[in-house]
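Chemist: sequence? don't have it. structure:
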């Protein structure tokens, strides 16, 4: 074998690198496809999307909450939180749907806030759907 041919002969390197790259690509594709198929990432329950309106009655400082449209919400999964301290769950069964109006709170004075809070059925997440601050 000639010395010049030894340094220029690189036929054996190219197939080995090609095999390593193919194996790496296959492993990565298998991992990505497996994650989607097995749903490893998990999923959270999405919060309902709707439009709400707040109406204050200044004669008795009562606050009403109306559902203007969007997703229906089970009364058991929502509550009213006033000024970040008290929580008022809705009583009864059924759903809060478009056109419905509920008594949200009483005694709301200037500067106080009220929030409509939704909690996922699993109990692991919650979200403020709408809030109101009395001026």
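Modeler: Structure's in. What do you need? All figures in this text were calculated on a predicted structure; none of them were measured in a lab.
Chemist: any stretches of this structure with poor pLDDT?
Modeler: Applying pLDDT under 70 to the chain flags the ranges 1, 3, 5-13, 40-42, 84-88, 91-92.
Chemist: which secondary structure state is assigned to the residue nearest the centre of it?
Modeler: Closest residue to the average C-alpha location of the chain: residue 46 at 4.8 Å, with CA atoms, centre = their mean. Three-state call for residue 46 (DSSP: H, G, I helix; E, B strand; the rest coil): coil.
Chemist: and residue 19, which of the three is it?
Modeler: helix.
Chemist: need the contact list for it.
Modeler: Applying CB atoms under 8 Å, 6 or more residues apart in numbering, one finds that residue 19 lies in contact with no residue. The way it works is simple: take the backbone N, C-alpha and C, and place the C-beta from them, glycine included.
Chemist: ok, it to residue 25 distance?
Modeler: Distance check for residue 19 against residue 25: by CB to CB, to the nearest Å, it reads 11 Å.
Chemist: what touches both of those two?
Modeler: What both residue 19 and residue 25 touch, as defined by CB under 8 Å, 6+ apart, is an empty set.
Chemist: the closest residue to residue 55 other than its chain neighbours: neighbouring residues, count only.
Modeler: Distance criterion CB to CB, 6 or more residues apart in numbering; nearest residue to residue 55, sequence neighbours excluded, is residue 64 at 4.5 Å. Residue 64 is flanked by 14 other residues according to other CB atoms under 10 Å.
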